Structures are given as C-alpha cells and as structure tokens.
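Trainee: after the sequence you'll find the predicted model.
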Amino acid sequence: MERAIAGGIISSYYRKLQDCLEVDVAVVGAGPSGLLCAWDLARAGKKVAVFERALRPGGGIWGGAMLLNEVALQQEMRPVLDEAGVRCLPAGDGLLTADAVELAAALIYQAVHAGARLFNGVCVEDVIFKDDRVCGVVINWSTVLDANLPVDPLMIGARCVLDAGGHDAHLTERIARKAGVRLDTPTGSVMGERPMWAERGEQATLDNSGPVLPGLYVAGMAANGVRGSFRMGPIFGGMLRSGRKVARLILEELG
Ligand SMILES: Cc1cc2nc3c(=O)[nH]c(=O)nc-3n(C[C@H](O)[C@H](O)[C@H](O)COP(=O)(O)OP(=O)(O)OC[C@H]3O[C@@H](n4cnc5c(N)ncnc54)[C@H](O)[C@@H]3O)c2cc1C
C-alpha cells in the first residue's frame, strides 16, 4: 500500500507539472486578483498555471483585517460572489461583508475546478525574457529559497505572465532591473505604493491593472505598487475587478 500511495502522488504530480511546461498564462500569486484571473482564463479554455509561494493559497484574504476574518466588498461585486457561491451581508454605505474563509476557499476551488493548475509552495524567482518579451517563469520550491540552498530552478514557458504577487511588486521590479527595460508607467520603473485612501485606491487598482511590458501583466496590489497608487485596506472589490479586467485583456491578446 505504501508504494501505491507514494507512486500515485509522484505520478499525478509529475503529470500535472509536465502538462504545464508550456502554458498560455502563468499567474504569479494566488491572492484574490490572481485567483479570479485564473478562474476566468481557465473557464475560457486557456491553459493556466498558478504559482503560489506560500503553502496556503488565498494570499491576504484569510485574515480579513487585523485577523477579524470578514472582508468588505462593494455591492456591485454581488454577481461575482454569487457566481463563486459566496454568501454576503449588507453592511451599509453601498458595501457588503463576506466571510474571508468562505471567499478564499471559493476562489481557490473555482479556479482549480475550472481547470487552472495551482502549484503551492512554489516561488517564481525570475522570468524568461527573450527578444524584449517576457515569455515564461523561473520556479523553485519555496523551501529551497527559504533555506538559501544553492539549487537551480526550472523553467515554464508562458505566452503571458501575470504578476499578482501583492504588495511591493517585487517580481516586476526585479524583471525591470535585471532586463534593464522601461516599464509602461509614468516613470518607466516601479513607483511604489502610496498611503491609505480607500476610494482612490479601489479605482486605481482597476485602472492600474494591465500590461506593463510585452508579455507581462500586473493585477491587484502589485498593480498599485507598480503604478504608484494608494492602498485601500481590507476591501476586496478592487482586487476582484482587477483580476477580471486582466483576464479580459489577456484573452483579447491571446485570441
Ligand atoms: C501584510 C498585509 C498587509 C496588507 N495591507 C493592505 C493594504 O495596505 N491595502 C490593502 O488594500 N490591502 C491590504 N492587505 C489586504 C489584502 O492582502 C490585499 O488587499 C489583497 O489580498 C491583495 O490581493 P492581491 O490579489 O494583490 O494579492 P495578495 O493577497 O497580496 O496575494 C499575493 C500572493 O502572491 C504570493 N506571491 C508573492 N510573490 C510570489 C512569487 N514570487 N512567487 C509565487 N507567489 C508569490 C504571496 O505568497 C501571496 O499569496 C494586506 C494584507 C497583508 C497580509
């Protein structure tokens, strides 16, 4: 029996990874924007791999705010919550609240169930960059990086890469620096996140989401980091709208 347990896990995982050596879209980070984008792309028939550095996907959803595990969303997000099967309550001022655990679990389930492959415990440490275009990601086990082991990574080819890695936009910043390229931002580089301003931050998250380099898109807090906009606290409508917008733009590009 032990041999069957180990053999089954190894061959299933190997099949899954092997099938993702070339994907349409590599999503970096399984927070709300990355998960919704992956869900939309997978149900549109695209081959999607999501790489999540942490053991548990869901990014910053789980803890709500200050560990009060509820999140706020604008009423317009009700159809997305309904689609995902997430219940919500009116909270006044045009807002809803939803259980953070239910939201995280639903987005993870919907993305994977629609066909996106989610690799948790895997960090994107770099990208493949050829002829001025991002065309894949360079991955390694998070544990290898945490332990600072001198172990070479593996590569995954992708027609598009989405940086949905959250605050500070580390990945996009690294790509721009290493490749020596100008990003599609007012300064040509990562501008850094600004202080709290909920209304402006929510709208900016949507406006800032999109392509920043050929082959590279940004969504969620990474988009705000790259294009220098305001943080907005534990309100998640902007994150979801950002993921949905980028999925639409990527579908337009890929056809
Ligand atoms: C410490 C902290 C501070 C927060 N501050 C704010 C705030 O100021 N304003 C606000 O609106 N919300 C804040 N939040 C709430 C909430 O996290 C975010 O609004 C929301 O979750 C951001 O969604 P996102 O889609 O950008 O990705 P996130 O939820 O940030 O998720 C990004 C995911 O990407 C993964 N990741 C990052 N880099 C890599 C990589 N190289 N390879 C693989 N995986 C990677 C991370 O492990 C994470 O799971 C905060 C949350 C946390 C935990």
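Mentor: Yes, it's here. Numbering: from 1, shown residues only.
Trainee: hmm, the strand or helix carrying residue 195 touching the ligand?
Mentor: Assigned by DSSP states H and E, residue 195 belongs to strand 194-196. No - applying Cβ under 6 Å from any ligand atom, one finds strand 194-196 separated from the ligand by no less than 6.7 Å. In short, each C-beta sits where N, CA and C put it, glycine included.
Trainee: find the nearest non-adjacent residue to residue 167, please.
Mentor: In this structure, residue 167 finds its nearest non-sequential neighbour in residue 221, 5.0 Å apart by Cβ to Cβ, 6 or more residues apart in numbering.
Trainee: any idea which helix or strand comes after the one helix or strand that neighbour maps to?
Mentor: For residue 221, the host element (DSSP H and E) is helix 220-227. Later in the chain than helix 220-227, the nearest helix or strand by DSSP H and E is strand 230-231.
Trainee: and that next one, anywhere near the ligand?
Mentor: Yes - applying Cβ under 6 Å from any ligand atom, one finds strand 230-231 touching the ligand at residue 231.
Trainee: ok, stretch 178-187 next?
Mentor: No - Stretch 178-187 does not reach the ligand (Cβ under 6 Å from any ligand atom); its nearest approach is 13.7 Å.
Trainee: got the contact list for that stretch?
Mentor: 126, 129, 132, 172, 175-176, 188-191, 211-213, 226-228 (Cβ atoms under 8 Å, 6 or more residues apart in numbering).
Trainee: could you redo the last one with a cut-off of 10 Å?
Mentor: Outside of stretch 178-187, the residues within contact range by Cβ atoms under 10 Å, 6 or more residues apart in numbering are 126-127, 129, 132-134, 169, 172-173, 175-176, 188-191, 208, 210-214, 216, 218, 226-228.
Trainee: from those, list just the buried residues.
Mentor: 126-127, 129, 133-134, 169, 172-173, 175-176, 189-191, 208, 210-213, 216, 218, 226-228 (16 or more other Cβ atoms under 10 Å).
Trainee: keep only those of these that are in strands.
Mentor: 126-127, 129, 133-134, 210-213, 216, 218 (DSSP state E).
Trainee: tell me which two of the residues you listed sit farthest apart.
Mentor: Farthest-apart pair in those is 126 and 210; separation 22.0 Å (Cβ to Cβ).
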